[in-house]
Structure formats: C-alpha cells, structure tokens
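> return atomic coordinates for the entry below.
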Amino acid sequence: MHPFIRPTAESPSNTDVGHGLPQHLSEGEARFLELFERAGDLILIVDPAGRVLFANLAWRESLGYEAWEIPGLSVFEVTRRADHAVCQAWLSQSTSEAARGDVQLVFQARDGHEVPVEGFTSARVEDRQVLFLRGFFRDLSRERRAEAALQESAELFNLLTSHTPFGVFRTDPSGRLTYTSARWRQIAHLNHVAQPRGVWWQMVHPPDRDRVLTEWHIALGQSPEFSSEFRIHSPTQAERWCRARISLSTGPDGSVRGGIGTTEDITEYRQAALTLRRAHDDLEERVRARTAELQAANHDLAEFAYVVSHDLKAPLRGVSLLSEWISQDYAGRLGPEGIELFGKLRHRVQQMHALVDGVLEYTRIGHAPGGEVEVNLHVVLQQVIQSLASPTGFRFEVPPALPVVRGLPQQLSQVFQNLLDNAVKFIARPDGCVVVHAQRQPTAWEFSVSDNGPGIHPRHHARIFQIFQRLDPSPDTPGTGIGLSLVKRIVEARGGQITLESDEGRGATFRFTWPDETGF
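This next block holds a predicted model:
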C-alpha cells in the first residue's frame, strides 16, 4: 500500500495494479504516482470531502509535514482561512472529468508561515461521480522573495545612482543605452530626453569619437574594462571633459552581454592639472634662470675672492719681510721693546694671511674640483691628530674602526681638523681629552667630537657658526673666526647638519651627520 493514500473499505489494496492504491485510480495514475512524488511542483490529491489522499515530497517539505502525518489530513487544515472558499469551490467543481480550473490560494505551513501557490486542478470522474481531485501548484514564495529582492536591489540601485556625483548608465552588447541616471543625462547634456536609447558615445564630442570608438572596440575584444577621457558633445561653446569607465559582463562563451558604466565630469580637474603643469613649467624655467644667475654669481665671487686674496697677500708678505729686515738690521737701535713690537706686527700679518686663506677656502666650498671618492676616516683622523700642536699628555680617544664614507678627502680633513684644533686650542692643558665617536643612522653616519674644555654658554651656540665670529676677540687668541663656519658650510653642502651640546664648565660636544648621498 502506498504510504500517502488512505485506503477505504470500498477500495481494498491492489498491489498488482496500484501498489496499494484505491481501485478507482487508473493504471496510468498509479504509474505516475511515483513520478508525482519526485516532481518539483507541489502536488496534492484529495477526495471530494477534502481529505488528503496524496501529498508529494515537495508539498510536504514546503509545509513542514512528515509522511506519516498526511493520511486523514483535511485540505482545510492546511489552507489559510481566507482561502477556504477557494478550496470549497475546487471541491465542488463540475462533474465533467475534462473540467479544469486555475486556482490561487495560500497554504498554511505546520509552523504557521504561509506558502502562496498558484496552479491548476482537475477531477477524476466515473459515472458522473467525482472520485478524487488533483491539484498541481507552483510555490510562489520563492518567486516573490526573488521579486522582492530584485525590487529592493532596483530601489537601492536607483537610490545610489540618484545621489552619486557620477553619472551611471547601462548598455547592451552593441553599446546602446538601456538605462541612464539623471546625473549621466546632465553630464551628457541630454536632460531633455527621459531615457536616451541611442549609443552611449553620443555624448562624445565628434572630433574625439574615432579615438574613443577605437578604444571601445579594443576593450570589447581584449579587456573586461574600458576607460577613456574625452570632450563632451555640448550645445554650448564651453569645453567640457569627461572620464568614462565601463565594466563589461560576459557569458560562458566569452561573448559580451552588456556593460555598466560611470561618467565623471573632469573639466575642473583638467583645468587644474593644466594650470599646475604651466606653473611647474614656469617654475622650472625660473629655476633654470636663477641657477644660471647663481652659477654666474658664484663664479664671479670665486674670481673676486681669488683676486682679492692674491692682491692682499702680496703686500702682507712685503710687510712681514720688511718688519723682519728692520728687526735684524736695526736691532741695536730698536732695543728689546722695539724688537718685541715688530714681532707682534709679524704675528698680526700672519693672522691676516690666515684670514685671507680662510675666506678663499670658504668661497670654494661646493666648487671643489674632482668627484667624491671613498674616504677612510681612520686614516684621516690619524693624519689630523699628528698635525695638531697639542700639549704633552693631551689624549685623543678614537674608535679603532671608523667607517669609510664617500666625500672629498680635503673637506673631510678640514671638518675634523677644525673641530679637533678648536678643542686643543681652548683646553690648552695636559689633562685635556677629545673623544671621537661614530654611530650609524638609517641614511647617514653621525659623528661627535667631545672635549673636557671650558664649555660654551648656550647663548653663543648659534653665533659661533657665523663667519668671523669669535668668543674671545683678543688679538693674542689664535684663530680667524672662520673655522666653525667653514665646518658648517661643508657639512650642510653635503646635506648634513651640525649641532652643539655644551654649557659653561661642562665641556662641548659637536655632532654632525654625513649622509650616504649628497644633498644637492
């Protein structure tokens, strides 16, 4: 006996014909009953009183019933109360077996949710008597959910396209418009058309169309994305520019099914870019002109410094030689005081000579001949220390392994020469000590030169790096006031920085960085 048919006393089991079906089922109906069980539609067979004789798997799963619950179930128990009249009309249909009727109703699932269906019904009639009725229904809930989701997606799409600053459009495979947003029509100057149905490139300015169409056809054959910038076909004289991007959708065979695109008015962007490019070109031209002027000025300055130093050195040498001859030839007449005065005169001449050399060297920074080379700072420091006239017992603490850096050997020697000589000059005692330290930074080496001298008050830190500035202006104090300014100029010309950490009575530490690459 089939588990989904409730047998009656008048219809004993007939396993040979109907697999336990009532005898009033035709042989064809009995054969198709198993097919009904596996059908995708909701199939229901009821007797004239509305008792369920058969409910297929799709019906049971949709309404949440098990197979054993079906026998004895009334169709009115599983139908929404408002549709009971529809069920009654179905049960009361014509006695003509050929009579069929379309029906729409809502089933009530076991858990209470509603399952809307539509379909058709028919009756099995013998001797003008309805034996049972059949209903073949399509579950509308999935379709309605899909329709609701589609409607929600459409509303969301319309909401987004109506508020985005971009114009949005859809095309078919040939590029003809199937949808345009209000913003797209505004950009394309087609506000007077509710929904343009021409090709999307009707917005392109005619002189640009051949280029844009070539790019479009290349994208159709080679790329899922199309992007182009072009002028907009505008009824006004003002030139407007647009950027269009189209994402192409393709089928399993690779053929283009359509596309969705965006448009953006980039007129202001292009105008700003053009203005920026012109400003950049103008700035570059000014830089070139200014650089040429600076190079000419630097050349003139170098020539001037050389001529001045040459013209100054000649009389200085003359004064020095003359004072020396007078001291020697007239020593008896001059006496000890006169000889001392002439000695001081020669000392001042030597200072003046050193000052002229310092000025000349200062003007040459950045114009030294030759290129940078690898410089071993350990060798440089040893040579500098040996050249210093330091008191006996004066100590220099230098790391055993100083780095090799790129630079001009003469300039690096000048930097350390001036820093170490400055420390020796102002300490001037046997227990003096200078410590050199090197530390690696991400893109440079940092060096420090520390001493245990008298220190420098913070108010003088900036001043000591200025040319001709000396903390002790006494003529008997050695120095020209150029050494530290020369160090600062060399370090900064290389792209580094130099600082001073010091206070009165606490020594001084000069720190400077030497980048791996030149700063200019």
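> okay, CA-based contacts and neighbour counts for the rest of this
OK.
> not counting its neighbours along the chain, what's nearest residue 259?
residue 248 (4.3 Å; Cα to Cα, 6 or more residues apart in numbering).
> give me the pLDDT value at that neighbour.
Residue 248 carries a pLDDT value of 88.
> any idea how the protein splits into domains?
For the chain, automatic domain parsing gives the domain ranges 15-139, 145-265, 277-364, 373-515.
> ok, of those domains, where does mean pLDDT dip lowest?
Here the domains of the chain differ in mean pLDDT, and the lowest is domain 277-364 at a mean of 72.
> so where do the strands sit in the stretch 1-150 of the chain?
Using DSSP state E, counting those that start in this stretch, the strands of the stretch 1-150 of the chain run over residues 42-46, 52-55, 100-108, 114-126, 129-139.
> how far does the shortest one sit from its chain's centre?
Mean-position distance between strand 52-55 and its chain equals 65 Å (Cα atoms, centre = their mean, to the nearest Å).
> ok, now stretch 247-263?
28 Å.
> quick one: the helices in this protein?
15-18, 27-38, 57-63, 84-91, 141-163, 182-187, 206-222, 267-329, 331-364, 377-387, 409-427, 483-493 (DSSP state H).
> the residue nearest to residue 119 when sequence neighbours are not counted and residue 41: what is the separation?
Once flanking residues are discounted, residue 119 sits nearest to residue 137: 4.2 Å by Cα to Cα, 6+ apart. Residue 137 sits 6 Å away from residue 41, going by Cα to Cα, to the nearest Å.
> measure residue 407 to residue 381 for me?
Distance from residue 407 to residue 381, by Cα to Cα: 15 Å.
> that older thread, need the domains of the chain in a markdown table (columns: distance to residue 271 and mean neighbour count).
Output for those, formatted as a markdown table (distance: least, Cα to Cα, whole Å; neighbours: other Cα atoms under 10 Å):
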| stretch | distance to residue 271 | mean neighbour count |
| --- | --- | --- |
| domain 15-139 | 59 | 17 |
| domain 145-265 | 10 | 16 |
| domain 277-364 | 10 | 15 |
| domain 373-515 | 37 | 17 |
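> in the chain, which residue is most central in space?
The chain has residue 269 as the residue nearest its centroid, 19.6 Å off, counting by Cα atoms, centre = their mean.
> as PDB, could you dump the C-alpha coordinates of stretch 430-443?
Provided in PDB are the C-alpha atoms of stretch 430-443 (Å, rounded to 0.1, in the frame of the first residue of the first chain):
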ATOM      1  CA  PRO A 430      97.900  68.500  29.700                       C
ATOM      2  CA  ASP A 431      94.900  66.700  31.100                       C
ATOM      3  CA  GLY A 432      92.800  67.700  28.100                       C
ATOM      4  CA  CYS A 433      90.900  64.900  26.200                       C
ATOM      5  CA  VAL A 434      89.000  64.800  22.900                       C
ATOM      6  CA  VAL A 435      86.700  61.800  22.200                       C
ATOM      7  CA  VAL A 436      85.600  61.000  18.700                       C
ATOM      8  CA  HIS A 437      82.500  58.700  18.200                       C
ATOM      9  CA  ALA A 438      80.700  57.400  15.200                       C
ATOM     10  CA  GLN A 439      77.200  56.000  15.000                       C
ATOM     11  CA  ARG A 440      75.200  54.600  12.100                       C
ATOM     12  CA  GLN A 441      71.900  56.200  11.200                       C
ATOM     13  CA  PRO A 442      69.400  54.900   8.600                       C
ATOM     14  CA  THR A 443      70.700  57.000   5.800                       C
END
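> for residue 421, what are its contacts?
Contact analysis of residue 421 by Cα atoms under 8 Å, 6 or more residues apart in numbering lists residue 388.
> if we use 6 Å, what do you get?
By Cα atoms under 6 Å, 6 or more residues apart in numbering, no residues touch residue 421.
> do the same with the one 10 residues further on
When contacts are counted by Cα under 6 Å, 6+ apart, residue 431 is found next to residue 394.
> look up how far residue 81 lies from the closest residue to residue 43 other than its chain neighbours.
Leaving aside its sequence neighbours, residue 43 sits nearest to residue 136 (Cα to Cα, 6+ apart; 4.7 Å). Computed as Cα to Cα, the residue 136 to residue 81 distance reads 20 Å.
> same thing with residue 446?
Distance of residue 446 to residue 81, given as Cα to Cα: 91 Å.
> and residue 414, by the same measure?
As for residue 414, its distance to residue 81 is 106 Å (criterion: Cα to Cα).
> how about residue 400?
To residue 81, residue 400 is 101 Å away according to Cα to Cα.
> now residue 146
In terms of Cα to Cα, residue 146 sits 26 Å off from residue 81.
> surely residue 504 meets residue 457?
Yes - using Cα atoms under 6 Å, residue 504 makes contact with residue 457 at a distance of 5.1 Å.
> which non-adjacent residue is nearest residue 485?
Per Cα to Cα, 6+ apart, closest to residue 485 is residue 465, 4.5 Å.
> list the contacts for the residue nearest to residue 119?
41, 42, 117, 118, 119.
> now with 10 Å?
Neighbouring residues of residue 137 by Cα atoms under 10 Å, 6 or more residues apart in numbering: 40-44, 59, 102-105, 116-121.
> beta partners for it?
Taking DSSP bridges as the rule, residue 137 bridges to residue 42, residue 119.
> ditto for residue 199
Under the criterion used (DSSP bridges), residue 199 bridges to residue 176.
> one more: residue 512?
Beta-bridge partners, per DSSP bridges, of residue 512: residue 447, residue 498.
> contacting residues around it?
Residues near residue 512 by Cα under 10 Å, 6+ apart: 415, 438, 445-449, 487-488, 491-492, 496-500.
> same deal with residue 435?
Residue 435 sits in contact with 395, 396, 397, 398, 399, 420, 448, 449, 450, 451, 452, 509, where contact means Cα under 10 Å, 6+ apart.
> if we use 6 Å, what do you get?
By Cα under 6 Å, 6+ apart, the contact list for residue 435 reads 396, 397, 449, 450.
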